[in-house]
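> coords please:
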Amino acid sequence: MIRRPALLAATAFTAAAVLSLSACGGGDGAAKDNEKVAGADVGDQRKTASPKASADDGITRPDIRLPKDVKNVFESGETGDPKKDAVLADNERWVNSLIEAVTVDAEDHPALKFYAKGEALVSSAEYIQGFREKKKSFVGTTRYYDRRVTFLREGVAAVTYCQDGTKTYPKDLKTGKVDRSIKGSASDYSFFNTRVKKNDKGVWQTDSVTSTAGAKKCM
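Numbers count the residues shown, from 1 in each chain. Below you'll find the model as predicted:
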């Protein structure tokens, strides 16, 4: 059973996984105009708060709306360095866009393709498809902390962070039921290492992702 958003490794996946980003609401990855996923009511969504950093950068950004029972909490969002803060702000938006694609049934998820590219976009598609194939989603609060930015060269940076998924619970999309009996464990703490690149619009897009579940450094 898929419990929560713990693993997202940047490995080579098929091109079909990328195509499924435009129709991840279907269990088989195919777009169906008359098909809706149970338990993903559009009316139960809330728009995520925009990060303070780069809020007035003049970039037109797609909205990201999460269900009311799904929440992402980001710590260490402001470092005092405007450049690092801009990177962390777009990292936050990328995470929110990925979780939106997992928890919200929609024909398209423009925010995910706005904040991810390359290997990260392909692995994101596979990650989303894994939930859809099992007709699963999740609810609850996920915490992201110890977030750090290291500039590698002009327009390229590494973002590392920890994830605590102990307060999230699996949801069956066919019945809408949430299993809150599952207790948190060491495997719910993950460490992420991502690479981001600044595109011509000024957006720091996530380009690759690796993760380690049960990371001691995050406990």
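> element containing the closest residue to Lys177 other than its chain neighbours?
What sits nearest to Lys177 in space, not counting adjacent residues and going by C-beta to C-beta, 6 or more residues apart in numbering, is Lys171, at 7.2 Å. For every residue, glycine as well, the C-beta is placed using N, CA and C. In the assignment (DSSP states H and E), Lys171 maps to strand 156-172.
> Show me the helices in the chain, by range?
Counting by DSSP state H, the chain has these helices, from start to end: 15-19, 82-103, 110-115, 118-133.
> Buried ones in the last one, by neighbour count?
By neighbour count, with 16 or more other C-beta atoms under 10 Å as the criterion, the buried positions of helix 118-133 are 119-129, 131-132.
> Hmm, Thr141 and Lys71 touching each other?
Yes - Lys71 lies in contact with Thr141 (C-beta atoms under 8 Å); the separation is 4.5 Å.
> quick revisit: residues in contact with the residue nearest to Lys177?
39, 136-139, 177-179 (C-beta atoms under 8 Å, 6 or more residues apart in numbering).
> Kindly report the same for Val87.
Each residue near Val87 by C-beta under 8 Å, 6+ apart is listed here: 149, 157, 159, 196, 204.
> Format those as TSV; extra columns: pLDDT.
Formatted as TSV, the contacts of Val87 follow (pLDDT from 0 to 100):
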residue	pLDDT
Val149	97
Ala157	98
Val159	98
Val196	98
Trp204	98
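> and Lys174, how far is that from Lys135?
5 Å (C-beta to C-beta, to the nearest Å).
> With neighbour numbers in mind, choose between these two.
Just comparing Lys174 and Lys135: by other C-beta atoms under 10 Å the higher neighbour count belongs to Lys135, 16 against 11.
> quick one: the more buried one from Ile64, how far?
Lys135 sits 23 Å away from Ile64, going by C-beta to C-beta.
> Point out where this structure drops to low pLDDT.
1-46, 49-50, 52-56 (pLDDT under 70).
> Now with 50, please.
Within the chain, the stretches with pLDDT under 50 are 1-2, 5-43.
> Any idea how far apart the tips of stretch 47-64 sit?
Taking C-alpha to C-alpha, to the nearest Å as the measure, stretch 47-64 stretches 6 Å from start to finish.
> oh sorry, the question was meant for stretch 109-118
One end of stretch 109-118 sits 16 Å from the other (C-alpha to C-alpha).
> buried set for it?
Within stretch 109-118, the residues that qualify as buried are 109, 111-117, counting by 16+ other C-beta under 10 Å.
> okay if I get these as JSON lines plus distance to Lys167?
Below are these laid out as JSON lines (distance: C-beta to C-beta, whole Å):
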{"residue": "His109", "distance to Lys167": "24"}
{"residue": "Ala111", "distance to Lys167": "24"}
{"residue": "Leu112", "distance to Lys167": "23"}
{"residue": "Lys113", "distance to Lys167": "29"}
{"residue": "Phe114", "distance to Lys167": "28"}
{"residue": "Tyr115", "distance to Lys167": "24"}
{"residue": "Ala116", "distance to Lys167": "25"}
{"residue": "Lys117", "distance to Lys167": "30"}
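> List the residues that contact Asn72.
48, 66, 92, 95-96, 99, 141-142, 144.
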